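Student: Structure for the following, please:
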Amino acid sequence: MNLMHEELARAQMSARLGEAQRNGQARRLVVARRLSRKAERAAAQARLAMARL
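Tutor: Modelled structure (predicted):
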């Protein structure tokens, strides 16, 4: 009986760890996209500034 509880606890912990890893990956992807958009805006502003010169 005790082994069954331990196995259940391990399975739940493993599931939580997997979920946390997926959430971390999603968060990093969101940050990367945000930085990419910022870089694109900065490049566009730089092109505009160069065109004005």
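Student: From now on I want contacts and neighbour counts done on CA atoms only, so please keep to that.
Tutor: Will do.
Student: Burial check on residue 17, number of neighbours?
Tutor: Other residues near residue 17 come to 12 when the count uses other Cα atoms under 10 Å.
Student: Please tell me the pLDDT value assigned to it.
Tutor: pLDDT recorded at residue 17 is 91.
Student: Next: residue 1.
Tutor: Taking residue 1 on its own, its pLDDT is 63.
Student: repeat for the one 5 residues further on
Tutor: Taken from the predicted model, the pLDDT recorded for residue 6 is 91.
Student: Now name the helix or strand holding it.
Tutor: helix 2-52 (DSSP states H and E).
Student: That helix - contacts with which helices or strands?
Tutor: Of the remaining helices and strands, none touches helix 2-52 by 3 or more Cα pairs under 8 Å, 6 or more residues apart in numbering; DSSP states H and E.
Student: any idea how far that helix is from the chain center?
Tutor: 0 Å (Cα atoms, centre = their mean, to the nearest Å).
Student: Quick one: low-confidence residue ranges for the protein.
Tutor: The chain contains residues with pLDDT under 70 at 1.
Student: again, 80 this time
Tutor: Applying pLDDT under 80 to the chain flags the ranges 1-2.
Student: Tell me how far residue 21 lies from residue 13.
Tutor: Noted for residue 21: a distance of 12 Å to residue 13, by Cα to Cα, to the nearest Å.
Student: Actually, residue 34.
Tutor: 32 Å.
Student: Just give me the neighbour total for residue 15.
Tutor: For residue 15, using other Cα under 10 Å, the count is 12.
Student: No more questions from me, cheers.
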